[in-house]
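Engineer: The following comprises the amino acid sequence and a computationally predicted model.
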Amino acid sequence: ELQTSTNGGATWSAPVQVNDDNTPGKFTSGASDFFPWGAIDPATGALHVSFYSTRLDLTNATTNVYDAVSTNGGASFGANSRVTDVASNESVSNPNRDMGNNYGDYEGITMQGGKEHPVWMDTRYSSIPNVGEEVFTTSR
């Protein structure tokens, strides 16, 4: 959820849902969405938020990164878009997980020239000894 303040935090807006996990046909039971980061596109004024989500994993162990965009100042968000093409597993069930760096250590988003640049960590190469997590990004 997102809340905004226009008076230095003296009052806050009602919460606005950023994720769309409750959309019919999507896994929602026990899903977690966490570590959101936001950026405003200076070209359009749209607010882009990226976050980790377990919505595709019934065991709630693997995550993907999603984004959501608001074109009305955060009053509402459009359908979420999956950013990652590989799920990441940082759970204790992955013996090769990077125990020194956990989710969110290198997660973020920035906007430049009307393009979104999310950054995230994932374990797609965790089967390689001493690798664990790597930093990834894309331009959308």
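Structural biologist: Great, that's in hand.
Engineer: List the strands paired with the helix or strand hosting residue 69, with their directions.
Structural biologist: Residue 69 belongs to strand 62-70 when assigned by DSSP states H and E. Applying DSSP bridges, strand 62-70 is found paired with strand 47-53 (antiparallel), strand 81-82 (antiparallel), strand 88-89 (antiparallel).
Engineer: what about the nearest residue to residue 71 once chain neighbours are set aside, neighbour count?
Structural biologist: Leaving aside its sequence neighbours, residue 71 sits nearest to residue 46 (Cβ to Cβ, 6 or more residues apart in numbering; 4.9 Å). Every residue, glycine included, has its C-beta placed from N, CA and C. By the criterion of other Cβ atoms under 10 Å, residue 46 has 19 neighbours.
Engineer: Then residue 37?
Structural biologist: Neighbours around residue 37, by other Cβ under 10 Å: 18.
Engineer: contacting residues for residue 44?
Structural biologist: By Cβ atoms under 8 Å, 6 or more residues apart in numbering, residue 44 lies in contact with 71, 114.
Engineer: mind listing the helices for this structure?
Structural biologist: Read by DSSP state H, the chain holds no helices at all.
Engineer: Low-confidence stretches in it?
Structural biologist: Counting by pLDDT under 70, the chain has low-confidence residues at 22-30, 92-106, 126-132.
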